[in-house]
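Asker: Curious how this folds, go ahead:
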Amino acid sequence: MAATALGRREVIEIEGKRFVYQHGYRMGRVTYVVRIPLTKNMAVWIPGHLGAQEIEASLRGENAFMLQ
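Answerer: The predicted structure follows:
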């Protein structure tokens, strides 16, 4: 199934690292998170349409590799 992105992208900063997130659909609601600059090519999608605080909690928890 193809992924669909919605709306605008928003930038957040966690521990001095910048991330772009955007809501979309991939077999249900998801939030796409990409680390910028794109030199590391790191991206994840997290189930549900999340806000900045929920994204930060996920990146500190199960997706901690994004902060390295």
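
Asker: residues contacting residue 38?
Answerer: By C-beta atoms under 8 Å, 6 or more residues apart in numbering, the contact set of residue 38 is empty. For the C-beta atoms, the positions are set from N, CA and C on the backbone; glycine is no exception.

Asker: ok, it to residue 48 distance?
Answerer: 24 Å (C-beta to C-beta, to the nearest Å).

Asker: And for residue 56?
Answerer: 14 Å.

Asker: same deal with residue 24?
Answerer: In terms of C-beta to C-beta, residue 24 sits 11 Å off from residue 48.

Asker: So if I had to pick from the two, which one is more boxed in?
Answerer: Comparing residue 24 with residue 48 by neighbour count (other C-beta atoms under 10 Å), the higher total belongs to residue 24, at 16 against 12.

Asker: Show the backbone phi and psi for the more buried one.
Answerer: phi -170, psi -170 (degrees, to the nearest 10).

Asker: Could you pull out the residues contacting both of residue 24 and residue 48?
Answerer: Joint contacts of residue 24 and residue 48 (C-beta under 8 Å, 6+ apart) are 30-31.

Asker: beta partners for residue 22?
Answerer: Assessed by DSSP bridges, residue 22 has beta-bridge partners residue 32.

Asker: Check which element follows the least confident helix or strand in the chain by mean pLDDT along the chain.
Answerer: Least confident helix or strand, the chain: strand 4-5 with a mean of 56, by mean pLDDT, DSSP states H and E. Sequence order places strand 10-14 as the next helix or strand after strand 4-5, per DSSP states H and E.

Asker: Touching that following strand from outside, list them.
Answerer: In contact with strand 10-14 (C-beta under 8 Å, 6+ apart) are residues 18-22, 36, 52, 55-56, 59-60, 67.

Asker: Let's see which of these end up in strands.
Answerer: Members of the contacts of strand 10-14 lying in strands (criterion: DSSP state E): 18-22, 36.
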